[in-house]
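Q: no FASTA, just this:
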DNA sequence: GCGTAGCGTTGCACTATACAACAGGAGGTG
DNA sequence: CACCTCCTGTTGTATAGTGCAACGCTACGC
């Protein structure tokens, strides 16, 4: 195979392709939530009680952007502010029951796309790929544990 | 390690994260070309003489979207229609000298991000990751060979 | 108790995108 | 050759997502 430089370029190329085609696929899929919304819900699921500003820093977005997205999600009834917990700064968020349903529905659809792509992979290869991706993403994460 | 289902979910999760953070990083980077523009230039580089509609199908975009993006790139002087070749349908595209320069500049910047993330990987691990990504992307490509 | 800083919101602007309608030309059919 | 059809690209209109800047509120520290 090629040199390390060639491989690194190939990795960049494939990642760009994944990103560009992935968002297009997700856009045309019959999902009620956009990929943007889904990523926000996923963050709240992975980080219970997360606040708006946490989401903004995790995805490198402006606070105003997240504020608007969250306002929309609240309007859709999938996200709400935690009622009881009024301690500290900001407003911890959580999913409503409808939010969990929408999250799992969208996850299932996107999962089926990934599963199809992984059709002829062995379990070991899938595990290795998942590990590599995670390693790639978590390289030098300071506090922004996604 | 987890089950195959767990790993597949993890892969989806990491890919979403790559996409969401990647575009944000590219947006804030001091690059003259957006990630959208860069992906179009990359396609033309990989497929000499590609036409607008080829780009649209490769990235699952509407023809109108690509038309507008290309009009902008032509206005910026990085892409032009092939002068000599008027055979067949559509209008084959190519990069100008300025286009090549911009392409390599942007590629270098994005490459440095990827290289940094791969800092502590061995050459073999990088090669394996590149291979896995390529395999994941090229699964069941019909004619849309990107 | 008061000031500062963190957090969320809103106004304005811009890019990327889709859909629909249209225009022009290449290729096939008679 | 003439015509018709379909491919390709363009333009009008609408929408989502995003950034920057300015503002308002409230928790925290002194």
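A: Structure received. Source: prediction; values computed, not measured.

Q: So the residue most central in space within chain A: helix, strand or coil?
A: Per CA atoms, centre = their mean, the C-alpha nearest to the average position across chain A is that of residue A:39, at 3.2 Å. The three-state label given to residue A:39 by DSSP: H, G, I helix; E, B strand; the rest coil is helix.

Q: ok, which stretches of chain A are helices?
A: Along chain A, the segments classed as helices by DSSP state H run A:4-28, A:35-46, A:52-58, A:63-76, A:97-117, A:123-138.

Q: Return the set of buried residues in the second one.
A: I take that to be helix A:35-46. For helix A:35-46, burial by neighbour count (16 or more other CB atoms under 10 Å in any protein chain shown) applies to A:35-45. (Glycine included, C-beta is placed from N, CA and C.)

Q: try the last one
A: Buried residues in helix A:123-138, counting neighbours by 16+ other CB under 10 Å, are found at A:126-130, A:132-137.

Q: Within reach of chain B, which of the residues you listed are there?
A: A:126-130, A:132-137 (CB under 8 Å from any CB of the partner chain).

Q: now those in JSON lines, with distance to DNA strand D?
A: Below are those laid out as JSON lines (distance: CB to the nearest atom of the strand, whole Å):
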{"residue": "A:126", "distance to DNA strand D": "28"}
{"residue": "A:127", "distance to DNA strand D": "30"}
{"residue": "A:128", "distance to DNA strand D": "30"}
{"residue": "A:129", "distance to DNA strand D": "25"}
{"residue": "A:130", "distance to DNA strand D": "24"}
{"residue": "A:132", "distance to DNA strand D": "25"}
{"residue": "A:133", "distance to DNA strand D": "20"}
{"residue": "A:134", "distance to DNA strand D": "22"}
{"residue": "A:135", "distance to DNA strand D": "25"}
{"residue": "A:136", "distance to DNA strand D": "21"}
{"residue": "A:137", "distance to DNA strand D": "17"}
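
Q: Return the item of these having minimum pLDDT.
A: Least confident by pLDDT among these: that is residue A:137, with 89.

Q: coming back round to it: ok, and which of the buried residues of helix A:123-138 reach DNA strand C?
A: When contact is defined as CB under 7 Å from any atom of the strand, the buried residues of helix A:123-138 do not meet DNA strand C at all.

Q: circling back to that earlier point, now the residue nearest to the centre of chain A: how far from residue A:3?
A: Distance of residue A:39 to residue A:3, given as CB to CB, to the nearest Å: 34 Å.

Q: what do you get for residue A:124?
A: 27 Å.

Q: buried residues in stretch A:14-25?
A: A:14-24.

Q: Between these, which sits nearest DNA strand C?
A: residue A:24 (5.5 Å; CB to the nearest atom of the strand).

Q: Spatially nearest residue to the closest one, not counting backbone neighbours?
A: Among residues not flanking residue A:24 along the chain, residue B:60 sits closest, at 3.7 Å (CB to CB, 6 or more residues apart in numbering or on different chains).

Q: My read is that the one you found contacts residue A:23, right?
A: No - counting by CB atoms under 8 Å, residue B:60 sits too far from residue A:23 to count as a contact (9.1 Å).

Q: For chain A, what lies in contact range of DNA strand C?
A: So chain A meets DNA strand C at A:20, A:23-24, A:27-28, A:51-53, A:63-64, A:67-68, A:70-71, A:89-91 (CB under 7 Å from any atom of the strand).

Q: Out of those residues, which end up buried?
A: A:20, A:23-24, A:51-52, A:70.
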